[in-house]
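*Asks:* Coordinates only, no sequence provided:
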Ligand code: PGA
C-alpha cells in the first residue's frame, strides 16, 4: 500500500495567538487536500486557538514539544495528556533546536517518544547531522545512533504509525536545501535501519519526512522520491507558500 504523504508546518517560536488565528484563516483554502495529511505544529500557547480555528477543515494540530512525566512539579512543562485533551494529535520530538539549545539527549527523547505513543499522540521524531558530521562521512552512523536510541523499547506496531523527520541541521533555516539525492539517500537509510530493527512491513509503513529549507519551488522534486513521504516545513509554513507545498503536484 502506498504511504500517504504528510506535510507538517513547524511554526517554532513564531505567531502570537491572534496572529495564529489570522494565519489559519489565510491558509484555510490554500491547504485543502484530498491526498496529503496536513499538520500545523504550533507553540503551546497557540494550541487552543489553532484547534478552534481549524475545526471542520483537513488540518490537524501538533505540538512542538512535550514532557514525558505524567504530571506534577515540572514548572513550565506540558504533559502528553494536556495535549490530547486540548485536541492535539501530533507532537514533534527531538527537533535539532531542542537537542542543541535545550540539551535534550537521546535518553530523554526516548522517554518522550514512549510517553507520546502511550498517550495516543503521533510523534514526529527528528534526526539529522551537522555539516561537520556530513563532511567527516559519519552522517548515516550518527542518524542510525539517534534512531536506535530514540526508539529503544518502542514496538513495531507503534513505529508503523509514527513519523520520522530527517532534517540535516545545515539545511534548517539556511535556505540551503539538501540535494534531492542527499535527502533520498538518508531517508532510504533510515528506512533500512527500521527494517533492521523491526521488519520489512514496519519499514514500509513508517512515514519519513524531509525537512530543511523546503519551499514551494523544491517540494515537488523532494516529495517525488520513493523514500520521502512529505516534509517538515519551518519558515515556509508561515506564509501562503505553505499551500503550494501541500499541493506540490
Ligand atoms: P526550515 O525549518 O524549513 O525553516 O529550514 C525546518 C525545521 O526546522 O523543521
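*Replies:* Thanks, I have the structure now. Here the structure is a predicted model, which means the values were calculated and not measured.

*Asks:* Next SSE downstream of the helix or strand hosting residue 209?
*Replies:* Assigned by DSSP states H and E, residue 209 belongs to strand 207-211. Once strand 207-211 ends, the next helix or strand along the chain (criterion: DSSP H and E) is helix 219-223.

*Asks:* what are the pairing partners of the next helix or strand after that following helix, and which direction each?
*Replies:* Following helix 219-223 in sequence order, the next helix or strand is strand 230-233 (DSSP H and E). Paired neighbours of strand 230-233 in the sheet (DSSP bridges): strand 5-10 (parallel), strand 207-211 (parallel).

*Asks:* Need the residues that contact the strand holding residue 209.
*Replies:* 3-4, 6-8, 10, 124, 126, 128, 162-167, 171-172, 178, 183, 187, 190-191, 222, 227-234 (Cβ atoms under 8 Å, 6 or more residues apart in numbering). Quick note: C-beta positions are derived from backbone N, CA and C, even for glycine.

*Asks:* Separate out the buried members of those.
*Replies:* 6-8, 10, 124, 126, 128, 162-167, 171-172, 178, 183, 187, 190-191, 222, 227-234 (16 or more other Cβ atoms under 10 Å).

*Asks:* Pull out whichever of those are also neighbours of the ligand.
*Replies:* 10, 167, 172, 232, 233, 234 (Cβ under 6 Å from any ligand atom).

*Asks:* Could you point out which of these is nearest to the ligand?
*Replies:* residue 234 (2.2 Å; Cβ to the nearest ligand atom).

*Asks:* For the closest one, give me phi and psi.
*Replies:* Taking degrees, to the nearest 10, you get phi -90, psi -100 for the backbone angles of residue 234.

*Asks:* Surely it and residue 174 touch.
*Replies:* No - counting by Cβ atoms under 8 Å, residue 234 does not reach residue 174; the two are 10.4 Å apart.

*Asks:* about what we covered before: as CSV, the ones next to the ligand among the buried ones among the contacts of strand 207-211 with distance to residue 29 and pLDDT would be great.
*Replies:* Converted to CSV, those look like this (distance: Cβ to Cβ, whole Å; pLDDT from 0 to 100):
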residue, distance to residue 29, pLDDT
10, 22, 98
167, 28, 98
172, 29, 94
232, 23, 98
233, 18, 98
234, 22, 98
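
*Asks:* Distance to residue 95 added to these, as a markdown table?
*Replies:* Listed next are these as a markdown table, based on distance: Cβ to Cβ, whole Å:
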| residue | distance to residue 95 |
| --- | --- |
| 10 | 7 |
| 167 | 8 |
| 172 | 9 |
| 232 | 9 |
| 233 | 13 |
| 234 | 9 |
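
*Asks:* How many residues are close by residue 107?
*Replies:* The number of residues packed near residue 107 is 10, by other Cβ atoms under 10 Å.

*Asks:* so what's it up against?
*Replies:* residue 149 are the contacts of residue 107 under Cβ under 8 Å, 6+ apart.

*Asks:* For it, give me the pLDDT.
*Replies:* pLDDT for residue 107: 98.

*Asks:* Beyond the particular helix or strand that has it in it, next helix or strand please.
*Replies:* Per DSSP H and E: residue 107 is located in helix 106-119. Downstream of helix 106-119, the next assigned helix or strand under DSSP H and E is strand 122-127.

*Asks:* which other helices and strands contact that next one?
*Replies:* strand 90-93, helix 106-119, helix 139-150, strand 163-166 (3 or more Cβ pairs under 8 Å, 6 or more residues apart in numbering; DSSP states H and E).

*Asks:* Within range of the ligand, give me the residues from the chain.
*Replies:* So the chain meets the ligand at 10, 167, 172-173, 211-214, 232-236 (Cβ under 6 Å from any ligand atom).
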